[in-house]
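S.K.: sequence below, structure please.
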Amino acid sequence: MWSRSYAVYVLARFAGIFSTHLLLLVLGLALYDLTDNAFFLGIAGLMMFAPALALVFVTGLVVDRHDRKQVLAAAFLLGALGAGVLTWHQAERGPEVVPILLLFVLIGVVRAFYAPTLKSLLINIVPLAQVPRAIAFNTTTTKAAAVTGPVVGGLLYATGPVHALMAGTVGFAVAVVAALLIGPTSQKRVSTPLRLGDLVGGVRTILSHRLLFAAMMLDLVAVILGGATALLPVYGRDVLFIGPAEIGLLRAAPAAGTLLAALLLVWRPLHRHTGWVMLGAMAGYGIGILVFGLSTLYWLSFAALFFAGACDMISIFVREILIQLRTPDETRGRVNAINAVFNTGANEIGDFRAGTAAALIGAVPAVVIGGISSVGIAALWAWRYPELRRMDRV
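M.R.: Numbering: from 1, shown residues only. The predicted model follows:
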């Protein structure tokens, strides 16, 4: 598994995701400091999701028809340029709402391309027998980046937003170089003339596999209803009374939980009763969000988000293996583009739901209702998709 190509692939993955999470925290803090309004945090989440949704059919087709290494490098380069421009703007003119929101949109575009590319490229550089273990290790790397990115971002933001933005720019630049160093792959590029039906090839693949559809929709709906990360600046300042560094640690808590779960899955992968485990994990995710919503203690809030992240990882692991092993390489990019929308879009729509609800009924009720709803969705899916609860092996 540890070839040179896989090693630089992991570096590119870590650096790009590290920069993304660092910038999301920094931009969220800057936006709330400027506006003092949770609604803008919800709008930012929606603006992050809009590019992934608008480009879902385009990104997948690009990933299937072009060299995935080059697509990955181009996406990271766009992120470096955008972060660099905002760094300059911040240093010269100070913080402004519109440039911050524009960078949210740009990061949404960048992630719309790099997310399906990273997923699709994995199976082209790792032997098939090593794919489950590689997925678990990749998730470990991803969550390590998701943990360290906000922590570094919060610490640097406390010393000055320009320093934090500069770190995000450098991280994306490292990801560009690493992506370009990936060696030859086994990618089967689609070379047939482009047809209108090719745009929806991923949709056809997913709809033809009811189990895959059920697993993807479970995570999408539960995370949309349970999304709470957009409200961390509100909770930090108005509920828990903590500063930017502590908020950065709090944002890193779900990723830290996911990281621990991923390490356990590398050591001891799931073998039996995977359907029930997946459904139970999503219910656990909702319980974690519920406890966070009710908590006024920093340590309990951290533990609740940590637990929610660990539960979410189990669902992610099952779904990713289903996608990688049951999708043809010719449509893998398009299926992963839709999966990326489900993954990232769920978070952004969840943030929009949370921000909007918080503006209407308050932050605490918005999060509590979301947690309860996520538990209910897990129960509904157990009833609606019996093949999911009967799934014994991935």
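S.K.: contacts and neighbour counts: CA atoms only from here.
M.R.: Will do.
S.K.: can you report how many residues neighbour residue 243?
M.R.: 14 (other CA atoms under 10 Å).
S.K.: so what's it up against?
M.R.: With contacts defined as CA atoms under 8 Å, 6 or more residues apart in numbering, the neighbours of residue 243 are 236, 237.
S.K.: what's the answer for residue 310, then?
M.R.: For residue 310, the contacting residues are 254, 255, 256, 257, 258, 259, 260, 261, 285, by CA under 8 Å, 6+ apart.
S.K.: out of the residues you listed, which comes closest to residue 279?
M.R.: Within those, distances to residue 279 taken as CA to CA reach their minimum at residue 285, with 9.9 Å.
S.K.: how about the closest one: what's its closest non-neighbour residue?
M.R.: Using CA to CA, 6 or more residues apart in numbering and skipping the chain neighbours, the partner closest in space to residue 285 is residue 308 (4.2 Å).
S.K.: hang on, that neighbour packs against residue 257?
M.R.: Yes: taking contacts as CA atoms under 8 Å, residue 308 lies within contact range of residue 257: 7.2 Å.
S.K.: host element of the closest residue to residue 84 other than its chain neighbours?
M.R.: On the basis of CA to CA, 6+ apart, the spatially nearest residue to residue 84 that is not a chain neighbour turns out to be residue 169, at 5.5 Å. Secondary-structure assignment from DSSP states H and E places residue 169 in helix 161-180.
S.K.: list the buried residues of that helix.
M.R.: Within helix 161-180, the residues that count as buried by 16 or more other CA atoms under 10 Å are 161-180.
S.K.: next one, pLDDT for the residue nearest to residue 285 please.
M.R.: Each residue has a pLDDT score; the one for residue 308 is 94.
S.K.: swap in residue 173?
M.R.: Per-residue confidence (pLDDT) for residue 173: 97.
S.K.: same thing with residue 193?
M.R.: Among the per-residue scores, residue 193 shows a pLDDT of 59.
S.K.: please apply the same query to residue 36.
M.R.: Among the per-residue scores, residue 36 holds a pLDDT of 82.
S.K.: any chance of the backbone angles for it?
M.R.: Geometry field for residue 36 lists phi and psi as phi 60, psi 40, criterion degrees, to the nearest 10.
S.K.: so what's the gap between stretch 313-321 and the chain middle?
M.R.: Mean C-alpha position of stretch 313-321 versus that of the full chain (CA atoms, centre = their mean, to the nearest Å) differs by 13 Å.
S.K.: one step back: which residue of residue 308 and residue 257 possesses the greater neighbour count?
M.R.: Neighbour count, other CA under 10 Å: between residue 308 and residue 257, residue 308 has more, with 29 against 24.
S.K.: assign a three-state SS to that one, would you?
M.R.: Here residue 308 is helix, with the state taken from DSSP: H, G, I helix; E, B strand; the rest coil.
S.K.: could you do residue 269 as well?
M.R.: Assigned state for residue 269: coil (three-state reduction, three-state DSSP).
S.K.: give me the phi and psi for it.
M.R.: Dihedral angles for residue 269 - degrees, to the nearest 10 - are phi -60, psi 160.
S.K.: coming back round to it: any idea how far the residue nearest to residue 285 is from residue 254?
M.R.: 6 Å (CA to CA, to the nearest Å).
S.K.: again, but for residue 18
M.R.: When residue 18 is compared with residue 254 (using CA to CA), they lie 15 Å apart.
S.K.: before we move on, what about residue 44?
M.R.: Summarising the geometry, the distance separating residue 44 from residue 254, computed by CA to CA, is 20 Å.
S.K.: how distant is the helix or strand hosting residue 24 from the center of its chain?
M.R.: Applying DSSP H and E as the criterion places residue 24 in helix 4-35. Averaging C-alpha coordinates over helix 4-35 and over its chain gives two centres that are 11 Å apart (CA atoms, centre = their mean).
S.K.: what packs against it?
M.R.: On a contact count with 3 or more CA pairs under 8 Å, 6 or more residues apart in numbering; DSSP states H and E, helix 4-35 meets helix 38-54, helix 97-125, helix 131-159, helix 161-180, helix 232-234, helix 244-267.
S.K.: got TSV for the ones you listed, with distance to residue 331 too?
M.R.: Listed next are the helices and strands packed on helix 4-35 as TSV, based on distance: least, CA to CA, whole Å:
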stretch	distance to residue 331
helix 38-54	18
helix 97-125	9
helix 131-159	18
helix 161-180	22
helix 232-234	37
helix 244-267	27
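S.K.: for residue 80, which of the ones you listed is the nearest?
M.R.: Of all the helices and strands packed on helix 4-35, helix 161-180 sits nearest to residue 80, with 4.8 Å by CA to CA.
S.K.: can you list contacts of the closest one?
M.R.: 8-9, 11-16, 18-20, 22-23, 26, 30, 69-70, 72-74, 76-77, 79-81, 83-84, 86-87, 90-91, 152-154, 156-157.
S.K.: for residue 223, give me its contacts.
M.R.: When the contact criterion is CA under 8 Å, 6+ apart, the partners of residue 223 are 346, 347, 350, 374.
S.K.: oh sorry, the question was meant for residue 87
M.R.: With contact taken as CA under 8 Å, 6+ apart, residue 87 is in contact with 162, 165, 166.
S.K.: measure stretch 229-236 end to end?
M.R.: Rule used - CA to CA; the end-to-end distance of stretch 229-236 is 11 Å.
S.K.: need the contact list for residue 82.
M.R.: When contacts are counted by CA under 8 Å, 6+ apart, residue 82 is found next to 103, 106.
S.K.: buried stuff in the one helix or strand it maps to?
M.R.: Here residue 82, judged by DSSP H and E, is contained in helix 68-93. For helix 68-93, the buried set under the neighbour-count rule, 16+ other CA under 10 Å, comprises 68-69, 71-80, 82-87, 90.
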